[in-house]
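J.: structure of the sequence below:
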Amino acid sequence: MKKLFCFSILLSAILISCSKEEIFPTLKIHTSQPSSRSTFENNTTSWCEGDYLSVLFSDNDADCGTYTFNISGDPKDGVFECDKANLDPSATYYIYALHQASATIAGAEATINIGSPTQTQEALTSSHIAQHDPLYGTAMGVSIDKMSVSLNHLASVLTFKISNGLSVPMKIASVTISTSNHRKLCGTYSLNLKSGELSETSTSESITLNIANAPTLEVGNDMQLWIATAPFFLAQGESLKFTITTSDGVEYIHTQTMGGEVAFAAGKIKSMKQVIELSESKLLPATKTVVYDFTNASNYPADFPLESNWKNENIDKELTYDFADHKLTIKSDVKFYYYSNSAGTTHYLQFIHKDESKKSLIYLPMCQYGKYKITDVAVECNAKSSKYGFAITDKDGNIIGDNKNLLSPSTNTTVTIKDKPTTAKVQYCLMIKPKGSSTTDVKCNIKSITINYVMEND
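T.: Predicted structure coming up:
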């Protein structure tokens with residue numbers, strides 16, 4: 001469906017007399033009444049060949065079936081019809097209507113996609129928004145000769161402009177958006193058609209918009225882009241991050257910080273007032289550093305385990321937390337938690353080991369950084385120790401590099417590991433492991449982890 005943006009569509013249905021060959025009467029739902037439309041920011045909706053509505057009918061006692069209403073006649077007229085609906089013309093029904101080609105329906109549960117982690121805009125058009133924006137509406141207690149339902153858009157739309165502030169023309173290949181606080185930007189959801197309740201099935205914290213047949217962006221000119229998202233909000237001080245990649249592989253970064261709370265609501269277009277100007281100052285830096293500071297109590301999220309509430313079922317599970325500006329994922333064979341002394345002046349990330357066969361893995365956040373690869377990892381502990389050590393491993397705990405020995409803070413409290421991955425966009429981990437079994441607890445108190453990255457050459 002080639003709908004540009006968001007507005008409510010009033011649907012009305014009329015019962016048409018059937019021919020002798022028809023088993024059921026033909027129901028028609030049409031959207032061709034201009035007086036019933038509410039346009040959104042001067043944009044319009046149009047339908048195209050192949051569009052259809054899925055409509056669930058229900059009475060007070062039970063569901064009466066879900067039927068497909070296909071577009072008929074001239075798509076511009078917005079008329080849908082169905083001749084398969086086995087309904088009682090004298091009864092009244094509850095109507096639940098959904099439009100999305102990729103949706104699947106089982107009973108009253110529909111699986112829908114709101115936004116998508118990967119979207120493609122054709123040149124300067126916005127027609128791609130339609131496939132990522134489900135329409136849903138209900139009507140209660142209506143007869144089939146006088147049916148009407150208002151469809152509402154479930155996606156939000158972000159639109160923005162990018163200008164060429166360089167000295168040469170360029171083509172934009174893609175734009176990836178994410179947020180500073182890891183907001184969920186799109187995903188697959190289960191929609192209860194009767195209650196309208198949405199529940200997450202899978203979500204993504206980033207969206208990449210690819211631009212097909214991108215026009216050349218001349219010096220000083222700009223182009224407008226459109227991205228469909230699930231509804232979300234950003235609080236004051238949070239930011240929306242844009243990574244822009246040109247056709248020759250050069251990457252630029254732009255961060256838009258919110259001056260107040262901003263809602264990206266369903267059925268609304270959020271238009272960025274500030275044009276993103278590509279310039280030398282927005283080039284991605286050649287190096288990047290990520291620091292996990294475990295000595296700052298405010299960095300720990302509320303759901304991070306404490307010694308007092310540790311649950312053994314957390315063993316050997318991938319557990320992910322929002323830790324300051326980064327995700328922190330840990331998979332551990334042993335207990336770990338946020339340690340704080342009784343005075344509240346000392347804070348660590350503490351692991352408790354005894355058995356040398358047990359290990360703990362801290363996932364290094366490299367996948368999200370595109371072309372960057374790790375050069376080294378520095379681990380600062382609270383004291384010297386020869387009882388445990390560190391290494392960089394793959395996701396399965398296999399040590400990377402030729403040096404298979406664990407490195408320990410034996411001469412100072414900081415260990416810098418140079419055995420590093422050589423490929424970006426692959427998940428690697430920092431492994432913590434004892435150097436022998438012990439009858440008493442071997443405590444590893446980590447104060448910080450510093451990960452240095454360098455831009456990987458193609």
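J.: care to break this structure down by domain?
T.: Split into domains by automatic domain parsing, the chain comes to 2-114+125-152, 156-189+196-284, 289-455.
J.: would you mind giving the ones you listed as CSV with mean pLDDT and mean neighbour count added?
T.: C-beta coordinates here come from the backbone N, C-alpha and C atoms, glycine included. Putting these into CSV (pLDDT from 0 to 100; neighbours: other Cβ atoms under 10 Å) gives the following:
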stretch, mean pLDDT, mean neighbour count
domain 2-114+125-152, 73, 17
domain 156-189+196-284, 93, 17
domain 289-455, 85, 16
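J.: residue 227 is in contact with residue 157, correct?
T.: Yes: with contact defined as Cβ atoms under 8 Å, residue 157 reaches residue 227; the gap is 7.2 Å.
J.: how about residue 357, what does it touch?
T.: Residues near residue 357 by Cβ atoms under 8 Å, 6 or more residues apart in numbering: residue 437.
J.: hmm, try it at 10 Å
T.: By Cβ atoms under 10 Å, 6 or more residues apart in numbering, residue 357 lies in contact with 333, 433-434, 437.
J.: distance of it relative to residue 75?
T.: Separation of residue 357 from residue 75 (Cβ to Cβ, to the nearest Å): 66 Å.
J.: give the bridge partners for residue 328, please.
T.: residue 321 (DSSP bridges).
J.: chain neighbours aside, what residue packs nearest to residue 221?
T.: residue 164 (5.9 Å; Cβ to Cβ, 6 or more residues apart in numbering).
J.: ok so, going back, which ones among the contacts of residue 357 map onto helices?
T.: If you go by DSSP state H, the contacts of residue 357 have nothing in helices.
J.: in JSON lines, list the residues you listed along with distance to residue 27.
T.: Listed next are the contacts of residue 357 as JSON lines, based on distance: Cβ to Cβ, whole Å:
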{"residue": "333", "distance to residue 27": "61"}
{"residue": "433", "distance to residue 27": "67"}
{"residue": "434", "distance to residue 27": "71"}
{"residue": "437", "distance to residue 27": "74"}
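J.: wait, which of those is closest to residue 91?
T.: Among those, residue 333 lies closest to residue 91 (Cβ to Cβ), at 61.4 Å.
J.: who are the neighbours in contact with that closest one?
T.: Contacts for residue 333 (Cβ under 10 Å, 6+ apart) come out as 315-316, 351, 353, 355, 357-361, 397, 433.
J.: next: residue 222.
T.: Residue 222 makes contact with 160-165, 275-278, according to Cβ under 10 Å, 6+ apart.
J.: mind running it again at 8 Å?
T.: Going by Cβ under 8 Å, 6+ apart, residue 222 touches 161-164, 275.
J.: repeat that for residue 299.
T.: Contacts here follow Cβ under 8 Å, 6+ apart; on that basis residue 299 touches 292-293, 323-324.
J.: same question, residue 140
T.: Contacts of residue 140 (Cβ under 8 Å, 6+ apart): 94-95.
J.: how about it, secondary structure?
T.: strand (DSSP: H, G, I helix; E, B strand; the rest coil).
J.: how close does the nearest residue to residue 413 once chain neighbours are set aside sit to residue 290?
T.: Counting by Cβ to Cβ, 6+ apart, the nearest residue to residue 413 once its immediate chain neighbours are dropped is residue 381, at 5.0 Å. Residue 381 is 18 Å from residue 290, where distance means Cβ to Cβ.
J.: measure the residue nearest to residue 221 to residue 398 for me?
T.: 46 Å.
J.: and for residue 66?
T.: Remark: distance between residue 66 and residue 398 (Cβ to Cβ) = 50 Å.
J.: could you do residue 299 as well?
T.: Look at residue 299 and residue 398: by Cβ to Cβ, they are 30 Å apart.
J.: now residue 156
T.: Distance from residue 156 to residue 398, counting by Cβ to Cβ: 43 Å.
J.: what's stretch 62-76 in contact with?
T.: Stretch 62-76 is touched from outside by 27-29, 46-58, 78-82, 84-87, 93, 105, 107-108, with contacts defined as Cβ under 8 Å, 6+ apart.
J.: repeat that with 7 Å
T.: Outside of stretch 62-76, the residues within contact range by Cβ atoms under 7 Å, 6 or more residues apart in numbering are 29, 46-58, 79-82, 84-87, 93, 105, 107-108.
J.: from what I see, residue 433 and residue 387 are in contact.
T.: No: judged on Cβ atoms under 7 Å, residue 433 makes no contact with residue 387 at a distance of 10.4 Å.
J.: circling back to that earlier point, redo the contacts of residue 299 as TSV? Include distance to residue 112 and secondary structure.
T.: Formatted as TSV, the contacts of residue 299 follow (distance: Cβ to Cβ, whole Å; DSSP: H, G, I helix; E, B strand; the rest coil):
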residue	distance to residue 112	secondary structure
292	37	strand
293	40	strand
323	32	strand
324	33	coil
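J.: can you pick out the most distant pair from those residues?
T.: Among the contacts of residue 299, 293 and 323 lie farthest apart (Cβ to Cβ), at 9.1 Å.
J.: can you give me the helices for the protein?
T.: Under DSSP H, the chain gives no helices.
J.: what about the longest strand in it?
T.: Ranked by number of residues, the top strand in the chain under DSSP state E is strand 442-455.
J.: for the closest residue to residue 243 other than its chain neighbours, give its distance to residue 205.
T.: Nearest residue to residue 243 in three dimensions, chain neighbours excluded: residue 176, at 4.4 Å (Cβ to Cβ, 6+ apart). Residue 176 sits 11 Å away from residue 205, going by Cβ to Cβ.
J.: one step back: specify which member of the contacts of residue 357 is nearest to residue 147.
T.: The closest of the contacts of residue 357 to residue 147 turns out to be residue 333 (Cβ to Cβ; 59.8 Å).
J.: could you find the closest non-adjacent residue to that closest one?
T.: Closest to residue 333 by Cβ to Cβ, 6+ apart is residue 358, at 3.9 Å.
J.: kindly state the beta-bridge partners for the residue nearest the centre of the chain.
T.: Central residue of the chain (Cα atoms, centre = their mean): residue 204, 2.1 Å from the mean position. In this entry, residue 204 is beta-bridged to residue 186, by DSSP bridges.
J.: tell me how far it lies from residue 160.
T.: Counting by Cβ to Cβ, the gap from residue 204 to residue 160 is 19 Å.
J.: and what of residue 27?
T.: Counting by Cβ to Cβ, the gap between residue 27 and residue 160 amounts to 42 Å.
J.: isn't residue 136 right next to residue 95, touching?
T.: No: look at residue 136 against residue 95 with Cβ under 7 Å: they stay out of range, at 11.4 Å.
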